[in-house]
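Colleague: Mind folding the following:
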Amino acid sequence: MTHPVLIAGAGPVGMTLASELARYGLPVRIVDKAAARTDKSKAIIVWSRSLELLDRGGPDGAAPFVAAGYKASAVNLVAGGGPIGRIELGDVRSPHAYALMLPQSETERLLEERLAGQGIAAERGVELLSFTHGETGVDSILRHPDGREEPVAAGWLVGCDGAHSAARHGLDAPFAGETLDSDWILADVHLRDCPVPPHEAAIYWHREGVFLLFPIASGRYRLLADIPPSGAAHPPDPTLEEVQAITDRRGPAGVTLFDPIWLAGFRINGRKVASYRHGRVFLAGDAAHIHSPAGGQGMNTGMQDAMNLA
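Modeller: This is a model prediction of the structure:
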């Protein structure tokens, strides 16, 4: 059977693309080598433009996402122990004039439910193994969890399969850019006695580096900070005690961290393909571009890639 579009990758970008193509009446098939959608918070902001575009699809538009999320209304800039600036998000000319704080696990759950309402289910544990493409279509080989290999003919292939994209590797497309010479820590934790208003974010500038604090839900926050390079192949995940020590030095005074949900170390890469299109194969989201998480634009630009391509 020939499918008009085969989508590799069932994260936010792939599921957004599948939903939009279905909205336009195109049958799709969407596969992902992971056995299940993510249970991590990962990308935590859905921005105004993404919500506006989600409003176009599904019977309830962006409403389920807004209902599940937490609205942040301002960002405070702090240095030297005092405020140096403030950005009011309510000034944005949008029906969604706020930053919607929503863990990626929830974004994926809601997109999965939207797809189900359109009669589409992502095939989990199914990997894009290889493909060839010509003027009239793309012939792919999919590998199933039991090891079975399935040939699939499609009119188009779209790689929405992340920074280590099999679709991009299959195209042998260079991913030009660099890895920044610094390590970062990420902590999704609960805070006690936080002086920052509950629906606001804060960025602290300190001589040691930056410290960022974003609300995710009542009492739950995402903390980010840069640290000196470790020299390790991969930055080690921090302990709660290490994150508490950095918070004490750089962040708001008197805050207690507890009940951590996710602690991780990471490095920032800035990389991009030269072209999103290679004949009948497209790349979207992290498969095509990765960059600093500053501004929380990674998932949003990927979802908007999908909207535009559809």
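Colleague: use CA for all of it now, contacts and neighbours both
Modeller: Will do.
Colleague: which sections of the stretch 201-310 of the chain are below the confidence cut-off?
Modeller: With pLDDT under 70 as the threshold, the stretch 201-310 of the chain has no low-confidence stretch at all.
Colleague: Residue 56 belongs to a helix, doesn't it?
Modeller: No. When classified by DSSP: H, G, I helix; E, B strand; the rest coil, residue 56 is found to be coil rather than part of a helix.
Colleague: if I look at it, how far off is residue 98?
Modeller: Residue 56 sits 19 Å away from residue 98 when distances are taken as C-alpha to C-alpha, to the nearest Å.
Colleague: Of those two, give the one with the bigger neighbour count.
Modeller: Using other C-alpha atoms under 10 Å as the criterion, residue 56 and residue 98 rank with residue 98 on top: 22 against 13.
Colleague: mind checking how far the more buried one is from residue 208?
Modeller: Between residue 98 and residue 208 the distance is 30 Å, computed by C-alpha to C-alpha.
Colleague: now swap in residue 132 and tell me
Modeller: Computed with C-alpha to C-alpha, the distance linking residue 132 and residue 208 is 50 Å.
Colleague: cool, residue 281 as well?
Modeller: 45 Å.
Colleague: Look at those two and report which has more neighbours.
Modeller: Each of residue 281 and residue 208 had its neighbours counted (other C-alpha under 10 Å), and the higher figure belongs to residue 281 (23 against 13).
Colleague: So the more buried one is in contact with residue 160, correct?
Modeller: No. Here residue 281 lies out of contact with residue 160, judged by C-alpha atoms under 8 Å, at a distance of 10.9 Å.
Colleague: nearest spatial neighbour of residue 180, skipping sequence neighbours?
Modeller: Taking C-alpha to C-alpha, 6 or more residues apart in numbering as the measure, residue 180 lies nearest to residue 268, with 5.6 Å between them; neighbours along the chain are not counted.
Colleague: residues contacting the one you found?
Modeller: Applying C-alpha atoms under 8 Å, 6 or more residues apart in numbering to residue 268 gives the contacts 179, 180, 182, 183, 184, 291, 292, 293.
Colleague: at 6 Å instead, please
Modeller: Contacts were defined as C-alpha atoms under 6 Å, 6 or more residues apart in numbering; by that measure residue 268 touches 179, 180, 292.
Colleague: from these, which single one is nearest residue 11?
Modeller: For the contacts of residue 268, the minimum distance to residue 11 (C-alpha to C-alpha) is 19.1 Å, reached by residue 292.
Colleague: Setting the sequence-adjacent residues aside, check what's closest to the closest one.
Modeller: Setting aside the residues directly before and after it, residue 292 is nearest to residue 268 in space (C-alpha to C-alpha, 6+ apart), at 5.7 Å.
Colleague: and what of residue 69?
Modeller: Of all residues not flanking residue 69 in the chain, residue 102 sits nearest, at 4.8 Å (C-alpha to C-alpha, 6+ apart).
Colleague: Repeat that for residue 21.
Modeller: Nearest-residue entry for residue 21: residue 310, 5.5 Å, with adjacent residues in sequence omitted and distances by C-alpha to C-alpha, 6+ apart.
Colleague: Kindly list the main-chain dihedrals of residue 282?
Modeller: The main-chain torsion angles of residue 282 are listed as degrees, to the nearest 10 and equal phi -120, psi 150.
Colleague: Residue 161 is in contact with that one, correct?
Modeller: No. Residue 282 is not in contact with residue 161 according to C-alpha atoms under 6 Å; the separation is 11.2 Å.
Colleague: now the longest helix along the chain: mean pLDDT?
Modeller: Secondary structure of the chain read by DSSP state H shows that its longest helix is helix 104-117. Across helix 104-117, pLDDT averages out at 97.
Colleague: That one: what's the following helix or strand?
Modeller: strand 123-124 (DSSP states H and E).
Colleague: Let me know how buried residue 191 is, in neighbour terms.
Modeller: Neighbour tally, residue 191, other C-alpha under 10 Å: 18.
Colleague: Specify the beta-bridge partners of it.
Modeller: The partner list for residue 191 in beta bridges (DSSP bridges) reads residue 257.
Colleague: And the pLDDT for it?
Modeller: Here, the pLDDT recorded for residue 191 equals 97.
Colleague: give the contact list for it.
Modeller: Counting by C-alpha under 6 Å, 6+ apart, residue 191 has contacts 219, 256, 257.
Colleague: what's the burial count for residue 24?
Modeller: The local packing of residue 24 (other C-alpha under 10 Å) involves 11 other residues.
Colleague: What separation do you get for it and residue 58?
Modeller: 12 Å.
Colleague: With residue 33 instead?
Modeller: For residue 33, the distance to residue 58 under the criterion C-alpha to C-alpha works out to 26 Å.
Colleague: same thing with residue 240?
Modeller: Residue 240 sits 40 Å away from residue 58, going by C-alpha to C-alpha.
Colleague: more crowded one of the two?
Modeller: Higher neighbour count among residue 240 and residue 58: residue 58, with 19 against 16, using other C-alpha under 10 Å.
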